[in-house]
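Enquirer: sharing a sequence plus its predicted fold:
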Amino acid sequence: MLKITDLRAEIDGKEILKGLNLEVNAGEVHAIMGPNGAGKSTLGYVLGGRPGYDATGGSVRFDGQDLLELEPHERAAAGLFLGFQYPVEIPGISNLQFVREALNSQRRARGEAPLSGGEFLKLARAQAEALGMDVEMLKRPVNVGFSGGEKKRNEMVQMGIIGPRLAILDETDSGLDIDALKAVGEGINRIMRAPDKAVLLITHYQRLLDYVQPDFVHVLADGRIVRSGGPELALELEREGYGAVAA
Amino acid sequence: MNTLLELPTPRQEEWRWADMAALKAAAETARRDVGIDPAGLFLDIEGPRLLFVDGRFEPAHSRPGPVQVTQQLATTDHPLGSLADGEGWSLHLGKEHAATAIQIVHIGTGGESHVPARLMLAEDAVASVVETYAGSGWANRLTTLCLERGARLMRSVRLLQDAGFVSLREEAEVGEAASLVSVFLGAGGMGSRIDGALLVNGKGGFAEMGGALLTSGSQKQEAAVAVRHENVEGTSRQLWRAVAADKSAASLAARVEVARGAQQTDGEQSLRGLLLQRSATVNLKPELEIFADDVKCAHGATVGELDRMALFYLQSRGIDEGRAKALLTRAFVADALARIGEDVVREAFAADADRWLDTAL
């Protein structure tokens, strides 16, 4: 599904990703772990197409398409979802309006009919309830006044409504208490654990992996994947620290 | 044209951002058929309707109801407002009377037009007035409002002229526990000057004047509003949003004056500007002049660009860049238009703002 080959990327002229290789197949959950400054968030932003995060070498294929050639909104329509570490507050636009606009933009881009207000509302309610989010919060402006945990739940509600094929979740576990962590973990499993979907979990800690069992764990250090293994690698990292494992 | 000799100049502080050149050019344009159907400018709500074309009342397209069309003298020393003599409209609503959704449409075809208006609301009277400007030329208006005890007025004005200039002078007196809410939207291609002087002289009066100015190309629009509190427990709100694209300029000057003895005044000023390109200009001038010691006056003035992270957030969810900018810009002006009380009017104004965004972005 996703094939990253020798990816290099710069921010403000400084090379952050230095030849990263990774392959994610349908049905798999991959965790990318690594110390601060290793380039984890940069990887998410480069894949999502954030301006200023420019790939300077290598290639990224998503279902055979050249992902780096696509605009951010085209990547979304192709089935990519980027979960933000710090979801943005947008006063003046309600959650419902935002996600409906997003979903229907994607559907139109794929040649599908947009959902009516009623159809959309039904879908949104179901996803909010499954994530334990008060439906009333969907009427409020996007993330405005939400706690850290509520913002992350809201990301999962959006992901559930949009139904992507590949989710790249950047530190979705940061800022969560135990209950929220469990709800978010279950949300990821429910929405994304399917033979035709895949997840790239970017995380600093092992704790989210207690709820979302990865099939593969990779250690990212200094802009490269330095080790890959099964779920046991995450436990080893937690026990021995990045220094020992990445060396 | 004699009137043009008496125009203010940018050397006067209150007129430093005013585009009097655009006003003059608009006044000198020849009249021509602009092909506007007035029916499309009236909103689908019950109530009196008046159409003025080039400042002349058009009875065939009007059903004025209780509103009278009369000759009036301009009673102001405001340099533009004082030019607004002649045929105009007036309404005197008696005690506890209500007149909702009075709609007035002004179509200009070129040249200059001057219309005075007078609205007197007696005790506990209630009214709402919606005005729309379309066409071209220089439309100059003086509107005098007087709200007696407990009277309430909702006033919504949209400037949609394709070209030319609209200058509005609003003078209001707000009596005891009376409430005036006025919202202005500048979403056409014309230049504009919206000038307001609100006097809160009754105890516990509420006065609000705000709105959104959207400019593009080389257009200049501005609002200059002064609210004066002369009695206790008054409240005023000035919530303005300016959005400027290309090489245009939008300017907001808002002043709150609290006279000696006007204790427990609650004034709030929020002036915010959004630059869609760095070649555009937003000027903000918030002023407070307070001579009482027990007052609350909150004020804020900021100018910025669209938040890049918010833009990327929307794009990452599948919304293209143009649409994402339009959504964020609409959100920026939304709270200014949210003050309009009637759903139909508010939605019409929001649709006008959307149309502007579709062409400007």
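Expert: Happy to help now that I have it.
Enquirer: quick check: residue A:151 vs residue B:199, distance?
Expert: Distance of residue A:151 to residue B:199, given as Cβ to Cβ, to the nearest Å: 46 Å. Any C-beta I mention is one placed from the backbone N, CA and C, and that applies to glycine too.
Enquirer: neighbour-wise, which of those two wins?
Expert: In terms of neighbours (other Cβ atoms under 10 Å in any protein chain shown), residue B:199 is the more surrounded of residue A:151 and residue B:199; the figures are 22 against 19.
Enquirer: could you pull up the mean pLDDT of the host helix or strand of that one?
Expert: Residue B:199 belongs to strand B:191-200 when assigned by DSSP states H and E. Mean pLDDT, computed over strand B:191-200, is 98.
Enquirer: same thing with stretch A:124-143?
Expert: 93.
Enquirer: what's the answer for stretch A:50-69, then?
Expert: Here the average pLDDT along stretch A:50-69 is 95.
Enquirer: got the buried residues for it?
Expert: A:50, A:53, A:55, A:58, A:60, A:62, A:67, A:68 (16 or more other Cβ atoms under 10 Å in any protein chain shown).
Enquirer: helix, strand or coil for the residue in the stretch 201-350 of chain B positioned nearest to chain A?
Expert: Closest residue of the stretch 201-350 of chain B to chain A, Cβ to the nearest Cβ: residue B:331 (2.7 Å). The three-state label given to residue B:331 by DSSP: H, G, I helix; E, B strand; the rest coil is helix.
Enquirer: quick one: the strands in chain A?
Expert: A:2-11, A:14-24, A:29-33, A:54-62, A:65-66, A:80-83, A:90-94, A:141-142, A:166-170, A:198-203, A:216-221, A:224-229 (DSSP state E).
Enquirer: picking that back up, the residue of the stretch 201-350 of chain B closest to chain A - nearest residue in space that isn't next to it in sequence?
Expert: residue A:92 (2.7 Å; Cβ to Cβ, 6 or more residues apart in numbering or on different chains).
Enquirer: residues contacting the residue of chain A found nearest chain B?
Expert: Closest to chain B within chain A is residue A:92: 2.7 Å, counting by Cβ to the nearest Cβ. Applying Cβ atoms under 8 Å, 6 or more residues apart in numbering or on different chains, one finds that residue A:92 lies in contact with A:141, B:330, B:331, B:332, B:334, B:335.
Enquirer: that older thread, who does the strand holding residue B:199 pair up with?
Expert: strand B:165-174 (parallel), strand B:220-229 (parallel) (DSSP bridges).
Enquirer: give me every residue in chain A lying close to chain B.
Expert: Residues of chain A lying close to chain B (Cβ under 8 Å from any Cβ of the partner chain) are A:48-51, A:71-73, A:75-77, A:82, A:84, A:87-93, A:98-99, A:101-103, A:105-106, A:109, A:141, A:158, A:162.
Enquirer: run through the chain and note the low-pLDDT ranges.
Expert: I went with chain A, as the question did not name one. Counting by pLDDT under 70, chain A shows low-confidence ranges at A:246-247.
Enquirer: the intended chain is chain B.
Expert: Looking at chain B by pLDDT under 70, you get B:1-5.
Enquirer: helices of that one, start to end?
Expert: In chain B, the helices defined using DSSP state H lie at B:20-27, B:308-316, B:321-337, B:343-360.
Enquirer: in a markdown table: those, plus mean neighbour count.
Expert: Shown next, in a markdown table, are the helices of chain B (neighbours: other Cβ atoms under 10 Å in any protein chain shown):
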| stretch | mean neighbour count |
| --- | --- |
| helix B:20-27 | 19 |
| helix B:308-316 | 22 |
| helix B:321-337 | 20 |
| helix B:343-360 | 17 |
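Enquirer: distance to residue A:199 for the ones you listed - can I get that in a markdown table?
Expert: Formatted as a markdown table, the helices of chain B follow (distance: least, Cβ to Cβ, whole Å):
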| stretch | distance to residue A:199 |
| --- | --- |
| helix B:20-27 | 58 |
| helix B:308-316 | 16 |
| helix B:321-337 | 26 |
| helix B:343-360 | 37 |
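Enquirer: next, the contact list for the most far-flung residue of chain B relative to its centre, please.
Expert: Largest separation from the mean C-alpha position in chain B: residue B:316, at 37.0 Å (Cα atoms, centre = their mean). For residue B:316, the contacting residues are A:48, A:49, A:50, A:72, A:73, A:75, A:76, A:82, A:84, by Cβ under 8 Å, 6+ apart.
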